[in-house]
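Asks: Below is the sequence, then the predicted model.
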Amino acid sequence: MDKTVQKNINRVVFNPPRPQINDEIKYTAALKLAKDNPELNEELSPEEIATIIVEIAVDCCSRDGYYLAKKLDDVYMWDIYAQSVEILESYDYLVNAELKKAQEEWVKTNNIQPPFPIGTKVTFMWGYEEHVGVIDNIFEFDPAFYLIKTDLKKESKTIAYVNKAFEDCWLAENDEGAQNYE
């Protein structure tokens, strides 16, 4: 497996790529949820509960506790109570925690390093628009993320900080739109 960073002019691609939410991450989170809350369905094993949660957690709302509870009621005829919804609300947190662990392991195993030094002007997407900012620091709460200082509202000159994955920003082609934030 090639563990190099490839630069495609201004873009950075890591090989292997950053872990994303997948069925394994969803299953690990669902299994933890099921083991910690067997009252979700006392007739099933934690493994069976986890498998069902992953099966229904496939679309945009699939980590929302109410949505999951409704699906479990509609599709599997589970008896759902307010406490069930409350328990299922923690699924999103558990999925994100598992993703973060996988990304931390990816950084460690592949010796992922920042491709651009602090102070570099970069371009990134925010919403549907490209923005230019300056890498201010490495974001300490998520693995392989920059803290970028930028002016998201050019008309008001409001400085903002944006967290972006190393691979989600690229070298600014010029200084146009970039501010001097020093």
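Replies: That came through fine.
Asks: pLDDT averaged over whichever helix in the chain runs longest - what is it?
Replies: Scanning the chain for the helix with the most residues, using DSSP state H, yields helix 82-109. Averaged over helix 82-109, pLDDT sits at 96.
Asks: which strands and helices sit next to the helix or strand that comes right after that helix?
Replies: Tracing the chain past helix 82-109, the next element assigned as helix or strand by DSSP states H and E is strand 121-126. Using 3 or more C-beta pairs under 8 Å, 6 or more residues apart in numbering; DSSP states H and E, the elements in contact with strand 121-126 are strand 129-138, strand 145-153, strand 158-165, strand 169-171. (Each C-beta comes from the backbone N, C-alpha and C, glycine too.)
Asks: Between those strands, which one is closest to residue 12.
Replies: Closest approach to residue 12 among the helices and strands packed on strand 121-126 (C-beta to C-beta): strand 169-171, 6.9 Å.
Asks: and the closest one, how far out from the chain's middle?
Replies: Averaged C-alpha coordinates place strand 169-171 at 19 Å from its chain's average position (C-alpha atoms, centre = their mean, to the nearest Å).
Asks: taking the mean pLDDT, what do you get for that strand?
Replies: For strand 169-171, the mean per-residue pLDDT is 93.
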